[in-house]
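Undergrad: predicted coordinates and the sequence they were generated for:
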Amino acid sequence: MTAPHPADQPRQFLEYLFDTAVKRALPLHNTAAFLPKPPKGRTLVLGAGKAGGAMAQAVEAFWPADALLSGLVVTRYHHTPKRPDGLPSRIEVIEAAHPVPDSAGLQAAQRMLALTQGLTKDDLVLCLISGGGSALLTLPADGLTLEDKQRINQALLNSGANIAEMNCVRKHLSRIKGGRLALACFPAQVVTLTISDVPGDDPSIIASGPTVPDATSCADALSILARYKIEVPDAVLSLLQQGQLETPKPGDSAFDGHALHLIATPQQSLETAAEAARAAGLNAYILSDEMEGESREVGKVHAALARAVALKGQPFSKPCVFLSGGETTVTIRPQLPGTPRGRGGRAGEFCLGLALALQGQKGVFALAADTDGIDGVEDNAGAWVEPSTLSRSLTLNMKIDHYLDRNDAYGYFDALGDLVVTGPSFTNVNDFRVVLVL
């Protein structure tokens, strides 16, 4: 595909960079090189995440047709790509809810543990792990119900906790995450293929690390719950205090011989987008693939950098793009009486903060989107900002700060026709942000 001209078609050009980044992370492009040889026994595929369906299809495409292969993978609703050949799958794919778990995810986790029964040292378990697996692979610890997990999960999402903090709690309140799935597979060989959606690409954080040892503790989980004022049942609180919900740790012999491969990462996608921008004649800079913090505040920082480039020509030379990734957070503000509940996700809230701080700066355009194609729980991937964003909203009597006050990025950008809508991408390397300065 030929890139649109950045100056003539800035919106289309930024969407082209986003598409380029997403394609770099698709499982079909990244799986074959990391597949092990078929074992003496059978191969069982287990997996969870937003890319789960596409990862399963990639394994089937490259796995020898005459080798035993079966398994179960859980992905988000509507995130299973259609098989191009129309043939039945050897790996079953189940869909469940994200970001708040449901009974379908619970049943999938129960079935996965059941499938591990009877494995031998001659067998191979191929685990396919991607972002979103924490919610999709839910199996509450003793003393917790699914309803408890749903409430705690929603409270974590609303709290402003970062992904490492959220997944620390999730691991200690689960019977399958935090390395416990790998323990259930013993004595089989375990090979994990993972697509990173977390800052730092730590495999113990991706989907709460169901197949890798966990260095965090019950005490860490208790500290996080206290910091964000999240309540758990008294019986579970007591188990955490006594250390009875501890996860398997690094050095545990049950992980000996296991292998893990990162098959796609945020940095790889950012680098691919930067290369595409340079090919179009622009300077391109990657700020970081590990950005965290409040989405609106990260937007303000990007705006300050863009204004410095536009007005002073520093620290970058224009025309240019600068890109960033990572996982920001949105702290949900209390709903004001008489106002509709806000809608939107991290990318949209970033764009609100960016647009407000840019104040219509000439020559600056931006796109922020989630690489899985869904921003939060809405039907958009993200949003688009241009110099006329604020002025167009004012003609509609829309004040951007009012939308920020109620976390309503979706409502704001929907009214302007500036939502980025792609549908599920079947991968997930988290936030993608790109700012173009002409």
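TA: Done, it's in.

Undergrad: SS state for R307?
TA: helix (DSSP: H, G, I helix; E, B strand; the rest coil).

Undergrad: in contact with it, which residues?
TA: Residues near R307 by C-beta atoms under 8 Å, 6 or more residues apart in numbering: A357, L358, Q361, V364. Quick note: C-beta positions are derived from backbone N, CA and C, even for glycine.

Undergrad: so what's the residue nearest to P203 when sequence neighbours are not counted up against?
TA: Excluding the flanking residues, the one nearest P203 by C-beta to C-beta, 6 or more residues apart in numbering is V212, at 5.0 Å. Contacts here follow C-beta under 8 Å, 6+ apart; on that basis V212 touches G179, A182, T192, P203, S204, F255, H258, L260.

Undergrad: top of the contacts of R307 by neighbour count?
TA: L358 (26 neighbours; other C-beta atoms under 10 Å).

Undergrad: number of nearby residues for the residue nearest to that residue when sequence neighbours are not counted?
TA: Nearest non-adjacent residue to L358, counting by C-beta to C-beta, 6+ apart: A303, 4.6 Å away. As a burial measure, A303 scores 22 neighbours (other C-beta under 10 Å).

Undergrad: could you point out the helix or strand that follows the helix or strand hosting A303?
TA: In the assignment (DSSP states H and E), A303 maps to helix 295-312. As assigned by DSSP H and E, the chain's next helix or strand after helix 295-312 is strand 320-326.

Undergrad: who are the packing partners of that next one?
TA: helix 266-279, strand 283-291, helix 295-312, strand 431-437 (3 or more C-beta pairs under 8 Å, 6 or more residues apart in numbering; DSSP states H and E).

Undergrad: need the winner for burial among the ones you listed.
TA: Each of the helices and strands packed on strand 320-326 was assessed for mean neighbour count using mean count of other C-beta atoms under 10 Å. The highest is strand 431-437, with a mean of 26.

Undergrad: that one pairs with which strands?
TA: strand 320-326 (antiparallel), strand 364-370 (antiparallel) (DSSP bridges).

Undergrad: before we move on, the earlier item: dump the contacts of V212 to a markdown table, plus secondary structure.
TA: Shown next, in a markdown table, are the contacts of V212 (three-state DSSP):
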| residue | secondary structure |
| --- | --- |
| G179 | coil |
| A182 | helix |
| T192 | strand |
| P203 | coil |
| S204 | coil |
| F255 | helix |
| H258 | coil |
| L260 | strand |
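
Undergrad: of those, closest to P315?
TA: P203 (33.4 Å; C-beta to C-beta).

Undergrad: the closest one is in contact with G209, isn't it?
TA: Yes - using C-beta atoms under 8 Å, P203 is in contact with G209, at 6.0 Å.

Undergrad: tell me which element the residue nearest to P203 falls in.
TA: V212 belongs to no helix or strand, assigned by DSSP H and E.

Undergrad: what sits against F186?
TA: Applying C-beta under 8 Å, 6+ apart, the residues near F186 are L119, A254.

Undergrad: quick one on the thing from earlier: so what's the residue nearest to L358 up against?
TA: G353, L354, A355, L356, A357, L358, Q361.

Undergrad: and the helix or strand that contains the fifth one, how far out from the chain's middle?
TA: Read that as A357. Assigned by DSSP H and E, A357 belongs to helix 346-358. Offset of helix 346-358 from its chain centre (C-alpha atoms, centre = their mean, to the nearest Å): 19 Å.

Undergrad: got any ranges where the stretch 51-200 of the chain has weak pLDDT?
TA: 86-87 (pLDDT under 70).

Undergrad: what about the helices in it?
TA: Counting by DSSP state H, counting those that start in this stretch, the stretch 51-200 of the chain has helices at residues 52-62, 103-115, 133-136, 146-159, 163-172, 180-185.

Undergrad: buried ones in the first one?
TA: For helix 52-62, the neighbour count (16 or more other C-beta atoms under 10 Å) marks G52, G53, A54, M55, A56, Q57, A58, V59, E60 as buried.

Undergrad: got a list of contacts for that helix?
TA: 26-28, 30-32, 35, 45, 47, 49, 69, 71, 73-75, 79-81, 83, 89-91, 93, 126, 128, 130, 133, 136, 193, 195, 426-427.

Undergrad: where does that helix sit relative to the chain's centre, distance-wise?
TA: For helix 52-62, the distance to the chain centre is 19 Å (C-alpha atoms, centre = their mean).

Undergrad: for stretch 72-82, buried residues please.
TA: Buried-residue list, stretch 72-82, by 16+ other C-beta under 10 Å: L72, V73, V74, T75, R76, H79, T80, P81.

Undergrad: same check, this time on stretch 371-389
TA: 371-376, 378, 380-387, 389.

Undergrad: point out the least confident member of the residues you listed, please.
TA: Lowest pLDDT of these: G376, 86.

Undergrad: what helix or strand is that one on?
TA: Using DSSP H and E, no helix or strand contains G376.

Undergrad: show me the contacts for it.
TA: P99, V330, R343, G344, G345, R346, G348, D370.

Undergrad: distance of it relative to P340?
TA: 16 Å (C-beta to C-beta, to the nearest Å).

Undergrad: distance from the helix holding A303 to the middle of the chain?
TA: Worked out by C-alpha atoms, centre = their mean, helix 295-312 lies 24 Å from the chain centre.

Undergrad: what's the answer for stretch 33-53, then?
TA: With C-alpha atoms, centre = their mean, you get 21 Å for stretch 33-53.

Undergrad: check M1 and give its pLDDT.
TA: pLDDT, read off for M1, is 68.

Undergrad: no wait, I332
TA: Reported pLDDT for I332: 86.

Undergrad: excluding chain neighbours, what is closest to it?
TA: Closest to I332 by C-beta to C-beta, 6+ apart is N158, at 4.2 Å.

Undergrad: turn the buried residues of stretch 72-82 into a markdown table, including distance to A415.
TA: Compiled in a markdown table, these are given as follows (distance: C-beta to C-beta, whole Å):
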| residue | distance to A415 |
| --- | --- |
| L72 | 42 |
| V73 | 38 |
| V74 | 36 |
| T75 | 32 |
| R76 | 27 |
| H79 | 28 |
| T80 | 32 |
| P81 | 32 |
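
Undergrad: of these, closest to Q12?
TA: Minimum distance to Q12 across the buried residues of stretch 72-82 is 24.8 Å, recorded for P81 (C-beta to C-beta).
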